[in-house]
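Enquirer: Structure for this input, please:
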Amino acid sequence: MTICSNALLSLGDEPIASFDDATPRARLAASLYPSCRDYLLRSHPWNFATKRVILAADTSPPAFGYANRFRQPDDWLRTMQVGQYAEDRIDYLHESGYFLTDESVFYLRYVWRNDQEATWDALAIRAMEAVMRQVFTYPVTASTSLEQLTTQVLEPFLKLARTVDGQDNPPDTFGDFPLLASRYGG
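Expert: Residues are numbered from 1 along each chain as shown. From the prediction side, this is the model:
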């Protein structure tokens, strides 16, 4: 809610105290914020929104093709890794809220719907404020030129937040790959 208030303030509008306020601004924020938050979270494998779980097989197997199905977590937004280790190669499909596979246990690392902004990275919060400012611009100001400007300003915020977040982890490697070893004299 603070993110939406800051976005409204940056447009010269009044802040909101709650999504439940009986104002057009609060109704607009309550309507748009959840999908914008999910958009931002799904757009990058954020460290503050990454979770690991071990799923148990569902009692009903798929009709054909695979031995087991595993219900996707309710807060799932994006799959980052399947298998206990990054180099695991697991045959699976993701269909209608289920992961289908022949595995008996399903290791999943994923981006989850982290709605606790207090746990977010400061740059991600600023990027989310920019997203909300862009979404609010036309409904609040009725200015297409200001809407274009906020759209242009949005991308650098997103790029910086994603870049810094990605630098918090060690770089991905190709591991022990014979073709690369022969190419580079290994």
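
Enquirer: What segments of the chain are helices?
Expert: With helices called from DSSP state H, the chain shows them at 2-10, 24-42, 122-141, 144-166, 178-183.

Enquirer: just so I know, which of the ones you listed lies nearest D91?
Expert: helix 178-183 (22.2 Å; C-beta to C-beta). (Glycine included, C-beta is placed from N, CA and C.)

Enquirer: Report the mean per-residue pLDDT for that closest one.
Expert: In this model, helix 178-183 has a mean pLDDT of 64.

Enquirer: Ok, stretch 15-31 next?
Expert: 94.

Enquirer: Show residues contacting that stretch.
Expert: By C-beta atoms under 8 Å, 6 or more residues apart in numbering, the list of residues contacting stretch 15-31 from outside reads 1, 4-6, 8-9, 13-14, 33, 132, 136, 139-140.

Enquirer: try stretch 83-93
Expert: Stretch 83-93 has contacts (C-beta under 8 Å, 6+ apart) with G65, Y66, V82, F99, L100, T101, D102, E103, F106, Y107, G175.

Enquirer: Could you do stretch 71-81 as well?
Expert: Contact with stretch 71-81 is made by 38, 41-42, 45, 49-51, 53, 55, 58, 94, 97-99, 107-114, as judged by C-beta under 8 Å, 6+ apart.

Enquirer: distance between the ends of it?
Expert: 16 Å (C-alpha to C-alpha, to the nearest Å).

Enquirer: what's the neighbour count on A26?
Expert: 20 (other C-beta atoms under 10 Å).

Enquirer: Repeat that for P156.
Expert: Considering only other C-beta under 10 Å, P156 is surrounded by 11 other residues.

Enquirer: what do you get for R42?
Expert: Counted with other C-beta under 10 Å, R42 comes out at 15.
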